[in-house]
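# Sharing a model that was predicted from the sequence below.
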Amino acid sequence: MNTDFTIADVIASATWVRDCMDTDKGTNARDPRFTAMHDAYWTCAACGCRSQPRENDLWAGLQIHHKDDNPLNECADNLVCVCPLCHGLLHLDTMLIERLHPGHFIWAPSIRQSFLTLFAHVRAVVEERCADHLARGVVTPDRARSADQRLELEIRETLAATDAALRRLRLPEGVFLYQAGNAPPAQAGAGARSGPAARSGLSKAHMSPALQDMMDLVEDNPVLFGHALRSFVRTASPAERLRTARALHGLRYVFAPGHAPWAAAYAGSVTWAAGRDWAKLWLEDAGIVLQRLADMEHGAKSAAKPAYGPGWDKAEDGARAGRRSGAC
């Protein structure tokens, strides 16, 4: 599986044979799926979040993805440990149709999907940890009674700023009309037009029926968009899937805040001060991504490479990948 994948990667390579996804959790420690999770150290292969098993929860809020979409194939090389959100993205059609993880799409080629997924995880963990503080009226860092409280509330403020910036993004005009080799759509900020009519600058006669459906439905009806995606992935040729994936290279999904039953499992395993902890890495990146979001909102030109960490170069990405693989 391509780690740190995008929605475009899923559209290009997904195998959606069934109309559902396997979220069954066995209780036998000898279950091959549990073995795969143990071998992955309870770490999501896509976004890097990590949990810890407990006596009453061996799965620790994580799930197993079958690469070939066959739950009966439990060969080790077919099983991948993933978090519920990344698992949903890998089965994007089912996630949208069954409304498993509500959210919305944005166009942000300079921000990795893994950052947005970790954003949802960190937010859920912080709300879990801050529940007692908020109940006691401790809602801002300056009212914190300990260093841990202050840090958690500071992270909560960073999350709020990130959420506000993401909400101002819109899909740009022509997002489904872009073809590889042409200039990608401009970044869309708070003042950008949205909706299918605003994005239909070219005649639909030049588009395949599948792309017409997706253009009309991506924002207006996520459930039908999921059905359109499912039909497209199952019937389109590999070449057409690849062209569509290139067209959607900047499409990202932002998960809506809400009930996250897996947050309790993650909350107990996160150590904010640990330099190699996944949540700490997200916090380090948040300041940079916030600046990128501000640039996008003001129409600034985006860098050619994805922004995710100081320097945004291969060496830094490699170092971060190494830290994530050894996260604790």
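Yes, it's here. The structure presented is a predicted model; accordingly, all values stated were derived computationally and were not measured.

# Just confirm residue 84 contacts residue 63, I think it does.
Yes. If you go by Cβ atoms under 8 Å, residue 84 and residue 63 touch, sitting 5.7 Å apart. C-beta: built from backbone N, CA, C; applies to glycine.

# Of these two, which one has the most company?
Set residue 84 next to residue 63 and count neighbours by other Cβ atoms under 10 Å: residue 63 wins out with 24 against 19.

# So in terms of bridging, what pairs with that one?
Residue 63 has the following beta-bridge partners by DSSP bridges: residue 82.

# Let me know whether it touches residue 83 as I believe.
Yes. Here residue 63 reaches residue 83: they are 7.2 Å apart, a contact under Cβ under 8 Å.

# List phi and psi for residue 57.
phi -150, psi 90 (degrees, to the nearest 10).

# The stretch 51-200 of the chain: helices as residue ranges?
84-90, 92-97, 113-135, 147-167 (DSSP state H, counting those that start in this stretch).

# Skip the chain neighbours and tell me the closest residue to residue 37.
Spatial nearest neighbour of residue 37, chain neighbours left out: residue 81 (4.8 Å); criterion: Cβ to Cβ, 6 or more residues apart in numbering.

# Report how many residues lie close to that neighbour.
Residue 81: 26 neighbours (other Cβ under 10 Å).

# ok, now which ones touch it?
Listed by Cβ atoms under 8 Å, 6 or more residues apart in numbering, the contact partners of residue 81 are 36-37, 39-40, 42-45, 62-65.

# measure it to residue 45 for me?
Taking Cβ to Cβ, to the nearest Å as the measure, residue 81 falls 6 Å from residue 45.

# try residue 237
Taken as Cβ to Cβ, the span from residue 237 to residue 45 is 28 Å.

# The two: who's more crowded?
Remark: of residue 237 and residue 45, residue 45 carries more neighbours, 19 against 8, as counted by other Cβ under 10 Å.

# Tell me how many other residues crowd the closest residue to that one other than its chain neighbours.
Spatially, and ignoring its direct neighbours in sequence, residue 45 is nearest to residue 80 (5.1 Å; Cβ to Cβ, 6+ apart). Residues lying near residue 80 (other Cβ under 10 Å) number 21.

# what does the model give residue 80 for pLDDT?
You'll see residue 80 listed with a pLDDT of 92.

# so who does it touch?
Residue 80 makes contact with 1, 36, 40, 45, 64-65, 67 under the criterion Cβ under 8 Å, 6+ apart.

# Buried subset of those, written for ChimeraX?
The command below creates a ChimeraX selection of those among the contacts of residue 80 that count as buried (16 or more other Cβ atoms under 10 Å):
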select :36,40,45,64,65
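
# and the least confident of the contacts of residue 80?
The minimum pLDDT among the contacts of residue 80 falls on residue 1, with 53.
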